[in-house]
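Asker: pasted the sequence and its predicted model underneath.
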Amino acid sequence: MQHWWIADAFLALTCWWGSHRLLATRTSAATLIAITLALLGLASTIGAIKFGLQMQAELDSLHYYASRAFGVGGLYLLFMGLLDWTGWLRLHKGLWLAHLGDACLVFALAWWLEQLPNFQLVIGLCATVLCLVVAVFLWRGGRVVHGKWLAFAALVFVINGLVIGGGPAPLFGLPIRMDVFHLLLALWVFCITQVVRYPVDAPAQ
């Protein structure tokens, strides 16, 4: 458990890097997805401090709710951001603030109903399905690079949730399940960042 802070810290750095790169595009879609990554970065930063300084008792509750904020509100923003990025749902300038408010309301509703894990499961499933649908749409539209990155991101997210999962249980007989979980999340963050940033960095051929 004492070494978990390393993977958490790496995930946090990846999230802040991705969020910064997306904000630099100054588009509504990238802004929404940047907030998604920032929420995950906040949760992983708290996790790194919690495990690194052995402050489980003091930070367990804060870490839990920060993680759920990403899982509920953050993934909702990812869903809306992808819809905007594809052009299926165009957000007028400044309207991303309304979707940020929506995400806060969704999180508040889940918290009030005491259903945060179930809300996270449903929203995460919807976001993953949307990633796959958009990946196929991009691939068939000739944007193969974008499609590959997004499909790979969805695959990593599914494997992480269904096969790895978080928790203290050993993986392959070693206490590395949480480390692998966080490292795969970092890979997912990198993939999502590449999808949205790729047209700026290097136009597809």
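Answerer: That came through, no problem. The structure presented is a predicted model; accordingly, all values stated were derived computationally and were not measured. Numbers count the residues shown, from 1 in each chain.

Asker: drop to CA atoms for contacts and neighbour counts, all remaining ones
Answerer: Fine.

Asker: need the nearest residue in space to residue 37, chain neighbours excluded.
Answerer: residue 15 (5.2 Å; C-alpha to C-alpha, 6 or more residues apart in numbering).

Asker: that neighbour is in contact with residue 33, isn't it?
Answerer: No. Counting by C-alpha atoms under 8 Å, residue 15 does not reach residue 33; the two are 10.8 Å apart.

Asker: any stretches of this structure with poor pLDDT?
Answerer: The chain contains residues with pLDDT under 70 at 1-2, 90-96, 166-176, 199-205.

Asker: can you map out the helices along it?
Answerer: 4-23, 28-52, 56-69, 75-86, 96-112, 116-140, 144-159, 177-201 (DSSP state H).

Asker: closest to residue 165 out of these?
Answerer: helix 177-201 (6.3 Å; C-alpha to C-alpha).

Asker: what angle do that closest one and helix 144-159 make?
Answerer: Angle, helix 177-201 to helix 144-159, by axes from the mean of the first three to the mean of the last three C-alpha atoms, to 10 degrees: 160 degrees.

Asker: mind listing what's buried along helix 177-201?
Answerer: 177-197 (16 or more other C-alpha atoms under 10 Å).

Asker: show me how far that helix is from its chain's centre.
Answerer: 8 Å (C-alpha atoms, centre = their mean, to the nearest Å).

Asker: so what secondary structure elements neighbour it?
Answerer: Contact here means 3 or more C-alpha pairs under 8 Å, 6 or more residues apart in numbering; DSSP states H and E; on that basis helix 177-201 packs against helix 4-23, helix 144-159.

Asker: need the winner for burial among those.
Answerer: Among those, helix 4-23 has the highest mean neighbour count (mean count of other C-alpha atoms under 10 Å), at a mean of 22.

Asker: which residues does the closest residue to residue 73 other than its chain neighbours contact?
Answerer: Counting by C-alpha to C-alpha, 6+ apart, residue 103 is the residue found nearest to residue 73 once chain neighbours are left out, at 4.6 Å. Residues near residue 103 by C-alpha atoms under 8 Å, 6 or more residues apart in numbering: 72-74, 76-77.

Asker: now render those as TSV, adding neighbour count and distance to residue 148.
Answerer: Shown next, in TSV, are the contacts of residue 103 (neighbours: other C-alpha atoms under 10 Å; distance: C-alpha to C-alpha, whole Å):
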residue	neighbour count	distance to residue 148
72	27	25
73	29	26
74	29	23
76	27	22
77	27	21
